[in-house]
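Student: Quick one, structure for this:
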Amino acid sequence: MSTDKTATVDIGPEGIRLGQLIKFVGAVDTGGEVKTLLESGLVRVNGNVESRRGLQLRTGDIVAIAGRSWQLA
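Tutor: Got it, this is the predicted structure:
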């Protein structure tokens, strides 16, 4: 049985870039680690594998990384 829950992250009206979100939620500590994580194929945005660090995220998007997920609000 999975205990995965989607956490809500308030990003404000301007949105946030994927690389910034990955650091903000604590999935990694540095920009270099963001790049490595994205290259690994473990990052999904709205169910699709995503590798673009600069992807602009908006309210309602769901980001999943290695069994953890966040919905942007």
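Student: Give the helix, strand or coil label for the spatially most central residue of the chain.
Tutor: The residue lying closest to the centre of the chain (Cα atoms, centre = their mean) is residue 63, at 4.1 Å. Classification of residue 63 by DSSP: H, G, I helix; E, B strand; the rest coil places it in strand.
Student: who's in contact with it?
Tutor: By Cβ atoms under 8 Å, 6 or more residues apart in numbering, residue 63 lies in contact with 18, 21-22, 43-45, 57, 69-70, 72. (Each C-beta comes from the backbone N, C-alpha and C, glycine too.)
Student: same check, this time on residue 49
Tutor: Contacts here follow Cβ under 8 Å, 6+ apart; on that basis residue 49 touches 41, 43.
Student: Quick one: end-to-end length of stretch 44-62, please.
Tutor: 8 Å (Cα to Cα, to the nearest Å).
Student: buried residues in that stretch?
Tutor: Residues of stretch 44-62 classed as buried by neighbour count (16 or more other Cβ atoms under 10 Å): 45, 50, 53, 55, 57, 61.
Student: so where do the strands sit in the chain?
Tutor: 6-9, 16-17, 43-45, 48-49, 56-57, 62-65, 68-72 (DSSP state E).
Student: how far out from the middle of the chain is the last one?
Tutor: Offset of strand 68-72 from its chain centre (Cα atoms, centre = their mean, to the nearest Å): 7 Å.
Student: so what does that strand touch, helix or strand wise?
Tutor: Using 3 or more Cβ pairs under 8 Å, 6 or more residues apart in numbering; DSSP states H and E as the contact test, the elements touching strand 68-72 are strand 6-9, strand 62-65.
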